[in-house]
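>>> I need the structure of the sequence given here:
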Amino acid sequence: MKITRILACRLGCFGYLLATVLVARYAQGQHTSLNDEYAKGATRGIIDFERPKDAVQLVGPQGSTLVPENPKIDCKWTFSDGVLTASPKWDSVLTPDSYQDFRMHVEFNVNNAVDLPPEMNGNSGIYIQQRYELQILNSFGVSPKDAKAIDCGSIYQQKKPDQLVCRPSGEWQSFDIAFRAARYHGEQKSQNARITVYQNGQLIHDDYPLKRQTGAGKKEYPDALPTKLQGHHNQVRFRNVWVQRLSLDKYPVPGSDLWLTFKGGEGPGKGKHVVLIAAEQEYRSEQAMPMLAKVLSEHHGFDCTVLFSVNENGEVDPTLPAPFKDKTQHHNIPGLEHLADADCMIWISRFMHLPDEQIKHFHDYFDSGKPLIALRTANHGFMGGKKYTVKGRTVGLQELLGGTFMEHHGGWHQESTRGIIVPASKAHPILIGVADIWGTSDVYRCHNEKSPFPEDCTALVMGQPLLNLTPNAAANDKKEPLPVAWTKTWTGNKDRPSKIFHFTMGSAEDFANAGVRRLTVNAVYWGLEMETAITADSSVDIVGEYRPLAAGFNYDKLGVKPQKPSFYK
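This is a model prediction of the structure:
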């Protein structure tokens, strides 16, 4: 058989402050930083021993696409007649691409190095993401009593295979692997990696959690790495190696009775996660945010999570007052830790007094460089509590968002708002397809002579107060239009620029208007630098029934009462 040396260019592998025990359970409870319960079973039911159509062949009859781990040394791996033979030296090969979640098939044939100790005889391994080694060794004949976590099929030095199914050297064997990568909130691991392995058609690891890297594996961190076939001074042979990229997340956030999740369908936003926050007492955001989440998920493909301010019973409760009279009162927004994994945040809150550990999630997001869409009362969204500082300097929401509530310019609950597109901004991506903007919320004054409209902000829409709460009302010509929608860039402690869209409309009744919805949906695309996916005719149609209640504080008259989050699904 003619052996041809493989050229280097052809090789490659792979919370309400916690005043009672009950509230503490809601705010923290099972939602700890490391939550493996959500991931359990993620790698089961995947392996069917059939090659999927979308598999990528890494070693096959036509050659090998694996690349040297270290291109600076002479690669000794060879390929002939569909078989890749490992180097007799200490050099390894990698998959040319990195894979987070995947299924992999590897056929291998160990050599019999009788002159070497048992732990070195036929030694090789599959280093999943270069971190976790699935051991290859000539372990035929090892008894269950004598088996160790270094024998063939072991998770190296961590776990023995559940059964010993090795074949003798010279016979072809196989590993079928389903792997789900570790999950992270920012840089903190939230879920362990998991792996299911079949050896020669027999289950040897059943959705095993990989709590750390093995042996000489690379350190765990959020980014995926290639997978490695190890060269370990044994000429182990490989054939028919393929990998299939998977996505083993049912949803980016575990389910809970304290928030809502909406799995994205098909659309440009597929794979992106938007967190929407409804935490105010006046404008019925508890209705608006779930409706908007449905629009984003069903029409645009975004995974959406809606977080709420809840009471001690875990109910969405707009009747909980701002802490004007009782400075010790705290609010509770469970699930804020999931902002760490969000791609975009849509936020409306009003005078929330949050525990330090909750408001810190906002501050971390402000530093993240990720887009922020702030609605209506967000510019006075907090009251008391831990301050946001940037490099030792306290930064208020006025500076962050480019304006703050100063007074009701339009008549409060008496004058609606007609949006007028700023001519100089008509080509802005957020305004694509926006033809009509109207809502019952009044125009806020967010700037004055002392604090003028900032130079680093770009006005997109001016708000003209109307004489009453109907869309055809005449303009109140005694009141000039003021900015109600603008963009800016914010850079926090990590020197990462965030795109910000502040829209001072945003009541539940406002969102009954297609223009208000389209502005907000377009802002998500713009913030994520997906402007090319914005089209004038994309759907912003309401999904299902939407009957928004009027804004205000007369809760009994308006029909506002505490409800479980599922009420708004």
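
>>> give me the buried positions along stretch 532-544.
533-534, 538-540, 542-543 (16 or more other Cβ atoms under 10 Å). All C-beta atoms are positioned from the backbone trio N, CA, C, and that covers glycine.

>>> same check, this time on stretch 260-279
260-262, 264, 267-269, 272-279.

>>> and for stretch 209-223?
209-210, 213-214, 217, 220.

>>> repeat for stretch 553-563
560, 562.

>>> got a list of contacts for it?
Residues outside stretch 553-563 that contact it (Cβ atoms under 8 Å, 6 or more residues apart in numbering): 281-282, 284, 286, 311, 313, 315-319, 549-550, 552.

>>> so where's this protein uncertain?
Within the chain, the ranges that satisfy pLDDT under 70 run 1-38, 250.

>>> tell me the domain boundaries of it?
Annotated domains of the chain cover 4-246, 259-402+484-568 [automatic domain parsing].

>>> one step back: find the pair from the buried residues of stretch 260-279 with maximum spatial separation.
Pro268 and Ala279 (28.2 Å; Cβ to Cβ).

>>> ramachandran angles for the residue nearest the centre of the chain?
Among the residues of the chain, the one closest to the centroid is Asp341, at 3.9 Å (Cα atoms, centre = their mean). Dihedral pair for Asp341: phi -100, psi 0, per degrees, to the nearest 10.

>>> also Ile346?
Per degrees, to the nearest 10, the backbone of Ile346 is at phi -110, psi 120.

>>> and for it, the neighbour number?
Other residues lying near Ile346 total 32 when counted by other Cβ atoms under 10 Å.

>>> swap in Ser285?
Neighbours of Ser285 (other Cβ under 10 Å): 34.

>>> quick check: closest non-adjacent residue to it.
The spatially closest residue to Ser285, leaving aside those adjacent along the chain, is Ala278, at 3.8 Å (Cβ to Cβ, 6 or more residues apart in numbering).

>>> and if you look at Asp436?
Per Cβ to Cβ, 6+ apart, closest to Asp436 is Gly515, 4.6 Å.

>>> in contact with that neighbour, which residues?
With contact set as Cβ under 8 Å, 6+ apart, Gly515 has these partners: 419, 434-438.

>>> so how far is Ala147 from it?
Between Gly515 and Ala147 the distance is 68 Å, computed by Cβ to Cβ, to the nearest Å.

>>> what's the answer for Arg237, then?
24 Å.

>>> and what of His273?
Following Cβ to Cβ, the distance that separates His273 from Ala147 is 43 Å.

>>> again with Thr404
67 Å.

>>> could you do Gly402 as well?
From Gly402 across to Ala147, the span is 65 Å (Cβ to Cβ).

>>> between those two, which has more neighbouring residues?
A direct count of neighbours by other Cβ under 10 Å for Gly402 and Ala147 places Gly402 higher, at 27 against 18.

>>> OK, contacts around the more buried one?
453-454, 456-457, 486, 488, 500, 502.

>>> and which of those residues is nearest to Tyr184?
Using Cβ to Cβ, these come closest to Tyr184 at Ile500, 24.8 Å.

>>> before we move on, what SS does the closest one have?
strand (DSSP: H, G, I helix; E, B strand; the rest coil).

>>> and it, how many neighbours does it have?
For Ile500, using other Cβ under 10 Å, the count is 21.

>>> near Phe79, how many other residues are there?
21.

>>> same check, this time on the one 4 residues further on
The criterion is other Cβ under 10 Å. On that basis, Val83 has 19 neighbouring residues.

>>> then Ala113?
Neighbours of Ala113 (other Cβ under 10 Å): 18.

>>> verify the contact between it and Asn138 for me.
Yes: counting by Cβ atoms under 8 Å, Ala113 does reach Asn138; the two are 7.4 Å apart.

>>> any shared contact partners between these two?
In contact with both Ala113 and Asn138: 121-122, using Cβ under 8 Å, 6+ apart.

>>> any idea which helix or strand carries the residue nearest to Ser285?
Per DSSP states H and E, Ala278 falls inside strand 273-279.

>>> what's the following helix or strand after that strand?
Counting by DSSP H and E, what follows strand 273-279 is helix 285-300.
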